[in-house]
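> coords please:
(chains A and B)
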Amino acid sequence: MSKPAVELAGVTKRFGDELVAIDRIDLTVEDGEFFSLLGPSGCGKTTTLRIIAGFEFPTEGSVRIHGSEMGLKPPNQRPVNTVFQSYALFPHMSVAENVAFGLNMKKVERSEVQRRVSRVLDQVQLAKRADARPSQLSGGMQQRVALARALVNEPEVLLLDEPLGALDLKLRQAMQVELKDLQGRVGITFIYVTHDQEEALTMSDRIGVMNEGRLLQVGRSEEIYEHPTSRFVADFIGDINLLVVTMNGSSTARLANGVEIGVPAGSAVVDGQVTVALRPERLALYDLDEEIPAGHNRVRVQVKRRLYYGDVHYYDVDAGIDTEIEVKEENRPGVELHEVGDEAYLVWSPEAANVVTS
Amino acid sequence: MTAPTLTDPSTAGPATPELEQASRKAEARRGLLIALPSYVYLVLLFVLPLVLVFVYSFATRDSTGQTVLADWNLDSYRRLFSAAVLEIFVRSLVLALVTTVICLAVSYPFAFYIATRTPRVRNVLLVFVMIPFWSNFLVRTYAWRVILGSEGPVSQASQLLGGEPLRLLFTNTAVLIGLVYGFMPFMVLPLYAALERMDWRLVEAARDLYADGWTAFRKVTLPLSMPGVVAGSILVFIPSLGAYVTPALLGGARTVLMGDYIVSQFLAARNWPFGSALSFAVMFVMLLATIFYFRAGARTL
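Numbering: from 1, shown residues only, chains lettered A, B, ... in the order given. Below you'll find the model as predicted:
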């Protein structure tokens, strides 16, 4: 199937007259893609997922799955399955009965059901617990049952609503790897809803960042991280320094303290104030007598705070502007430590910065 | 608990089992003190009368009908198996069962409806369910006499439609209507409680797994609301079986039920031993029914 797995066109969902849950979303998820919807709670990502699943219907716009218009089709007539945030396992059925539910509903032959259920339970390493009730399983196991229950139906698209949210950190990281592997093996399109930016960055082929019902930016992890186009995306994903500068020319700007810096050439900015986004790890501190690489920006700063993280050092430095700037330096041989109170040069390449809309 | 395994024995504190024991005893004493009023109440007002009834059921009557607490025998229990008594028993059982089934069939959709409304509407509807309790049961049953009487609105409506005057009052149907009416809230409330606790995401999950609305209800909602069905059925079946006021006011001479039969033994026939034996027989059936219901309910969960 070469048609896109899921296409949303101008999808808006209003609850009542006031609340706009999602606002004119256009989105195309390709077949076989691992796509994440990332955003803070209440941004509309779960509503978007529920609209694709058929639990909610859009106020405006249309949903297509592999080219066919979903319209008012109920969830049971859509070629998608959902892994729910709270797993929603049937408490009155065994693990095997839970997993077999979808196949039984589709009237698959009994022997075939058994074969597929035991195969998928093998895959998620729960063959031994087939007769257990969900309440007898740990959170991680329940999570795998929920996954198996959806995957056994071989849906065209699998929708996952914060499936790892209830797990502790270690287990979550292990499941991230497992999920990503699994998706590669089965080749099913995954649409994955999460508020955890690290999870989205590590697992996804592409990410869509949402806020207040809007889809702000769609792109590969690197694009989203390295080239955020809006202040929200820059701020939501990773640590970021946001500096308000006054443009004076096409590729130079002036900081609040008067120092002139270079900004990426070709940034489509009109004269006036713009926001420059700088990742802490793209900044470096140089001693005052050290040689600065050619073409780099240089701002004189004073070290206010130093945080030792083992593998990295964090510095908060004062550049004489209204906010302190965060710098992250790796703990490598040859990287000198700067003491609190030291004066130094803050150095970065103009290309490392992004001009973002507010 | 003895010293934790990780502790070096040389640094562990001295063993103090008597402290632990004392605290456990104090805990038990406090518990008993809290429960004491309930125990006193139960023994004085429930266990003692029950023992009394039990004792009376083995007593005899003298020639004037006075109960004599001597010559203990099983005559009263033997009489339970006479055809006339068994007929009353079977009629009461059937009526109680039919009442329970009708209550369940009517209440389930209504409880479902209430449980799926917004909290505000829900509370209003629940008040509607409970409003009848604000007036006396006897008065409400008399109201049914008017409604079902030969000059009552039901009969008049049937005549308006061209039918015969309806003779409903003093029939089994009238008793059934009265019982269903009287005990309906006892079915609605536990069903509502069970459905209100329902995790509707489970129904969504079933729909997601290709179940249509009806199948999702049958496979998920219904089994998960079984505790409410069981509780409601018991709460309706048991008082229906022993009902007195409803059959006495709405039933006729030929529709005697267990409840009014027992009352007549104590008040009219003055046969206390037989009345006591009847009471125990009814209690036994109720116990069996309760055990059966709970078993059946537990199986579905």
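> Tell me, how many residues neighbour residue 100?
No chain was given, so I picked chain A. 24 (other Cβ atoms under 10 Å in any protein chain shown). Heads up, the C-betas are built off the backbone N, CA and C, glycines and all.
> oops, chain B please
Count around residue B:100 with other Cβ under 10 Å applied: 25.
> how close does it sit to residue B:183?
Here the criterion is Cβ to Cβ, to the nearest Å. By it, residue B:100 lies 8 Å from residue B:183.
> Quick check: neighbours shared by the two?
Here residue B:100 and residue B:183 have B:236, B:240 as joint contacts, going by Cβ atoms under 8 Å, 6 or more residues apart in numbering or on different chains.
> On the three-state scheme, the residue located most distally from the centre of chain A is what?
What lies farthest from the middle of chain A is residue A:289; by Cα atoms, centre = their mean that is 41.6 Å. In terms of secondary structure, residue A:289 is coil; the call rests on DSSP: H, G, I helix; E, B strand; the rest coil.
> how deep is residue B:215 tucked in, by neighbour count?
Residue B:215, neighbours per other Cβ under 10 Å, totals 16.
> Do you know the pLDDT at it?
Residue B:215 carries a pLDDT value of 96.
> just to confirm, which helix or strand has it in it?
helix B:213-216 (DSSP states H and E).
> Report the buried residues of that helix.
For helix B:213-216, the neighbour count (16 or more other Cβ atoms under 10 Å in any protein chain shown) marks B:215, B:216 as buried.
> After that helix, which helix or strand is next?
helix B:222-224.
> helices and strands around the helix or strand just after that next one, which ones?
For helix B:222-224, the following helix or strand on the C-terminal side (DSSP H and E) is helix B:226-241. Applying 3 or more Cβ pairs under 8 Å, 6 or more residues apart in numbering or on different chains; DSSP states H and E, one finds that helix B:226-241 makes contact with helix B:83-115, helix B:172-196, helix B:272-300.
> could you redo the last one with a cut-off of 10 Å?
helix B:83-115, helix B:172-196, helix B:245-250, helix B:258-267, helix B:272-300 (3 or more Cβ pairs under 10 Å, 6 or more residues apart in numbering or on different chains; DSSP states H and E).
> Only the buried residues of whichever helix in chain A runs longest, if you could.
Ranked by residue count, the top helix of chain A under DSSP state H comes out as helix A:169-186. Residues A:172, A:175, A:176, A:178, A:179, A:180, A:182, A:183 are the ones in helix A:169-186 that count as buried (16+ other Cβ under 10 Å).
> What ranges does the stretch 51-200 of chain A have for its strands?
A:60-65, A:68-69, A:80-83, A:157-161, A:189-194 (DSSP state E, counting those that start in this stretch).
> For chain B, see how far away residue A:222 is.
33 Å (Cβ to the nearest Cβ, to the nearest Å).
> so what's the backbone phi/psi at residue A:300?
When read as degrees, to the nearest 10, the backbone of residue A:300 gives phi -80, psi 130.
> before we move on, the earlier item: kindly export the longest helix of chain A (C-alpha atoms) in CSV.
In CSV, the C-alpha atoms belonging to helix A:169-186 read as follows (Å, rounded to 0.1, in the frame of the first residue of the first chain):
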residue,chain,number,x,y,z
LEU,A,169,11.9,4.9,34.4
LYS,A,170,14.0,1.8,33.9
LEU,A,171,11.1,-0.3,32.6
ARG,A,172,10.0,2.6,30.4
GLN,A,173,13.4,2.8,28.7
ALA,A,174,13.5,-1.0,28.2
MET,A,175,10.0,-0.9,26.7
GLN,A,176,11.0,2.0,24.4
VAL,A,177,13.6,-0.1,22.8
GLU,A,178,11.3,-3.1,22.7
LEU,A,179,8.5,-1.1,21.0
LYS,A,180,10.8,0.4,18.4
ASP,A,181,12.2,-3.1,17.6
LEU,A,182,8.7,-4.5,17.4
GLN,A,183,7.5,-1.8,15.1
GLY,A,184,10.4,-2.5,12.8
ARG,A,185,9.6,-6.2,12.7
VAL,A,186,5.9,-6.0,12.2
